[in-house]
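[1] What follows is a predicted structure for the sequence shown.
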Amino acid sequence: MKASIGPLPMYYETYGSGRPLLLLHGAGSTVQTTFGAILPALAEHHRVIAPEQQAHGHTPAIDRPLTFEQEADDTAALLERLGVDNVDVIGFSNGGIVAMQLAMRHPRLVHKLVVCSSYYGHAGMPPQFWEGMGHATLANMPPTLMRAFEAAQPDPAMRQRMFEQQVALMQHFTDIPDASLRAITAPALVLVGDHDVMSVEHATSLAHLLRAQLIVFPGAGHGTYLGSLDAGGGDPTAARLAIETFLDQ
């Protein structure tokens, strides 16, 4: 489905019934590549709402800068369009930043917050990650993400434009101030793998700022504990149970 959010035709998927649960995908990803492994189980007890952000998946790039703040505002507008005024939120990687921006910019909308393998400052990621943004190309995308990208957007010119907006998003990322994170009042859970892209120390600092519970998954990489295809998949059972326990508390 698509909703007109200002100038943006925003694609979203919905599943199940129950308390609303918002899923926010990772960079270069779709709903299914990030959350496909856990989505059916979550939909058994929740009304799942899963949008794809500007320049991602089925939502095109439009003539407007792509920022995390804009993504949060687009998401808030979609929730209001759907008549949802209070929602639990799970954000993975860049989606975790969107989730935190949503909690900062639209606090009344966020009931509980789950931040998975995300970051709030440049220091949380290896220096080579940021250096690589200067010469990233579509050819650098993992094959799984590329196949999903091609299926969602058959037009090569649009895919290139979308990719360029995603790279610009990262190049213009600014650290989120500690005070802004401390101001988030929603109960929070932070998940990270001990072999993740961002450091466990950074995730620990984030959990401290959010006054959040922290779970570190041993032997897990970037999203493998969610079974995310973004990272090649994995067993999501432990993470799913941890998330459901937190949301049910």
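    Everything's here; your move. Residues are numbered from 1 along each chain as shown.

[2] How much space separates the residue most central in space within the chain from residue 215?
    Residue closest to the average C-alpha location in the chain (C-alpha atoms, centre = their mean): residue 95, at 1.6 Å. Residue 95 sits 17 Å away from residue 215, going by C-beta to C-beta, to the nearest Å. Every C-beta, even on glycine, is put in place using the N, C-alpha and C of the backbone.

[3] what do you get for residue 94?
    In this view, residue 94 and residue 215 are 20 Å apart by C-beta to C-beta.

[4] who has more neighbours, the two?
    More neighbours surround residue 94 than the other of residue 94 and residue 215, with 26 against 19 (other C-beta atoms under 10 Å).

[5] Around the residue lying closest to that one once chain neighbours are set aside, count how many other residues there are.
    Counting by C-beta to C-beta, 6 or more residues apart in numbering, the nearest residue to residue 94 once its immediate chain neighbours are dropped is residue 27, at 4.2 Å. For residue 27, the count of nearby residues is 18 (other C-beta under 10 Å).

[6] May I have the predicted confidence score for residue 27?
    At residue 27, the predicted lDDT confidence score is 94.

[7] show me the contacts for it.
    In this structure, residue 27 makes contact with 93, 94, 166, 169, 170, judged by C-beta atoms under 8 Å, 6 or more residues apart in numbering.

[8] wait, isn't the residue nearest to the centre of the chain in contact with residue 35?
    No. Using C-beta atoms under 8 Å, residue 95 makes no contact with residue 35, being 9.3 Å away.

[9] what's the overlap in contacts for these two?
    Jointly contacting residue 95 and residue 35 under the rule C-beta under 8 Å, 6+ apart are 23, 25.

[10] Pick out the least confidently modelled helix or strand of this structure, by mean pLDDT.
    Ranking every helix and strand in the chain by mean pLDDT, DSSP states H and E puts helix 127-132 at the bottom, with a mean of 88.

[11] Contacts only, for residue 55.
    Residues in contact with residue 55 (C-beta under 8 Å, 6+ apart) are 61, 66, 161, 162, 163, 165, 166, 169.

[12] hang on, I meant residue 30
    By C-beta under 8 Å, 6+ apart, the residues touching residue 30 are 52, 56, 57, 58, 148, 149, 152.

[13] Does the second one touch residue 29 like I think?
    Yes. In this structure residue 56 lies within contact range of residue 29 using C-beta under 8 Å: 6.7 Å.

[14] follow-up on the earlier one: double-check that the residue nearest to the centre of the chain belongs to a strand.
    No. Going by DSSP: H, G, I helix; E, B strand; the rest coil, the assignment for residue 95 is helix, not a strand.
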